[in-house]
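**Student:** No sequence on hand, only this structure:
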């Protein structure tokens, strides 16, 4: 299995664990936005939104640029390929385990029918 930076995965999944931060990413997927616009959309204080954006920025999911008094947010460089690969690897593992469990259940059903 491919090795991933545990710190990077932790930061990415921690950032994605919050519904507001996922909403911010969806919003920024449509167009760049200021912290004020994001705070208004999510009915939050500027301080609260700055904290959410900071978490996303630390994870590499968002970048910000300050021009004058306005801090504009946009999607970051991180495209979540490593995270998707990690999930796919674990999905394969679980699929294999469930396939094995299905085989056991089918064998038990077959034996049960033959004993009747």
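**Tutor:** Good, I have the coordinates. Keep in mind the model is a prediction, meaning the values are calculated, not measured.
**Student:** how close does the spatially most central residue of the chain get to residue 116?
**Tutor:** Here the mean C-alpha position of the chain is nearest to the C-alpha of residue 16 (C-alpha atoms, centre = their mean), at a distance of 3.9 Å. Between residue 16 and residue 116 the computed distance is 51 Å (C-beta to C-beta, to the nearest Å). For the C-beta atoms, the positions are set from N, CA and C on the backbone; glycine is no exception.
**Student:** ok, now residue 98?
**Tutor:** From residue 98 to residue 116 the distance is 27 Å (C-beta to C-beta).
**Student:** So the two - more neighbours on which side?
**Tutor:** Higher neighbour count among residue 98 and residue 116: residue 98, with 10 against 4, using other C-beta atoms under 10 Å.
**Student:** tell me which strands and helices the helix or strand where the more buried one lies is in contact with?
**Tutor:** Here residue 98, judged by DSSP states H and E, is contained in helix 81-115. Helix 81-115 sits against helix 6-16, with contacts defined as 3 or more C-beta pairs under 8 Å, 6 or more residues apart in numbering; DSSP states H and E.
**Student:** What lies in contact with the helix or strand residue 53 falls within?
**Tutor:** According to DSSP H and E, residue 53 maps onto helix 46-58. With C-beta atoms under 8 Å, 6 or more residues apart in numbering as the test, helix 46-58 has contacts from 11, 14-15, 18, 20-21, 24-25, 35-36, 38-39, 42, 44, 62-64, 73, 76.
**Student:** Report the residue spans of the protein with pLDDT below the cut-off.
**Tutor:** 1-4 (pLDDT under 70).
**Student:** what about 50?
**Tutor:** 1-2 (pLDDT under 50).
**Student:** Contacts only, for residue 34.
**Tutor:** Residue 34 sits in contact with 70-73, where contact means C-beta under 8 Å, 6+ apart.
**Student:** ok, it to residue 113 distance?
**Tutor:** Distance from residue 34 to residue 113, by C-beta to C-beta: 67 Å.
**Student:** and stretch 14-21, how far from the chain's centre?
**Tutor:** Remark: stretch 14-21 is offset 7 Å from the chain centroid, using C-alpha atoms, centre = their mean, to the nearest Å.
**Student:** No further queries at this time; thank you.
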